[in-house]
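Q: any chance you can model this:
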Amino acid sequence: MNFKDFTDKIDEIKSTKLGGLEAQFIMAPKLRLKFDKEKIVASNPRKAAVLALFYPNDKNQTNLLLTQRASYKGTHSAQISFPGGKIEENDINLEATALRETWEEVGVRSSSVEIIRELTDVYIPPSNFLATPFIGYVTKRPKFILNHEVANTIEILITDLLNDKHLTTVNLSTSYMKNIDVPCFKINNHIIWGATGMMLSEIKELLK
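A: Have a look, this model is predicted:
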């Protein structure tokens, strides 16, 4: 998708009804499906926010930024995610959290980002976070500066996200589940699943 075509659709993106849980659950692991609203509230999850950042590449095609987490002794080690993290005391709201974390993790200045809208919260059982996604854009490709939390940036074309041939299922074992088949996006040999896959699924439905 040409970046001008994307920006021309922003008003429509702002006003289109979100797919919500129905869109997210297309890509939800079975583990996540066990948690209804009452269970989530009872878990008293920590609040977090992430940013799905759109921008043009050098061919003026619309890209979306993902990151690969650094390896560490923790639940989400080396997984693919959006820039983001938990809310901090000085954040005035969750949008501010998403922008601050994006600046800290990949060096994109908050002032350069235009927020388009907030998406549906995603509950993440293994770490007990309730993450609020935001979508936004910058008008040129950023020069990414990574901090210690991020091993790599992953740039995906919106046309690849919208192409159903990139939907598949993989068998995974992690620190909290063993030999489980999970729905995922497979784009440029990257396996994108879990909460990030659920967020991408809602974004995909919105852009369609």
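Q: okay, the helix or strand of the chain with the lowest mean pLDDT in PDB with CA atoms only?
A: The helix or strand of the chain with the poorest confidence is helix 30-33; it has a mean of 75 (mean pLDDT, DSSP states H and E). Taking Å, rounded to 0.1, in the frame of the first residue of the first chain, the C-alpha atoms of helix 30-33 are listed here in PDB:
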ATOM      1  CA  LYS A  30      -6.400 -21.400  23.400                       C
ATOM      2  CA  LEU A  31      -4.800 -20.300  26.700                       C
ATOM      3  CA  ARG A  32      -6.100 -16.800  26.200                       C
ATOM      4  CA  LEU A  33      -9.700 -17.900  25.300                       C
END
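Q: give me the distance between whatever helix or strand comes next after it and the centre of its chain.
A: Sequence order places helix 37-42 as the next helix or strand after helix 30-33, per DSSP states H and E. Here the centre of helix 37-42 is set off from its chain's centre by 22 Å, with Cα atoms, centre = their mean, to the nearest Å.
Q: who are the packing partners of helix 37-42?
A: Under the contact definition 3 or more Cβ pairs under 8 Å, 6 or more residues apart in numbering; DSSP states H and E, helix 37-42 sits against no other helix or strand. Backbone N, C-alpha and C define where each C-beta goes, glycine included.
Q: the longest strand anywhere in the chain pairs with which strands, and in what direction?
A: The strand spanning the most residues in the chain, taking DSSP state E as the definition, is strand 46-56. If you go by DSSP bridges, strand 46-56 pairs up with strand 62-69 (antiparallel), strand 84-86 (antiparallel), strand 129-137 (parallel).
Q: deepest of those, which one?
A: strand 129-137 (a mean of 23; mean count of other Cβ atoms under 10 Å).
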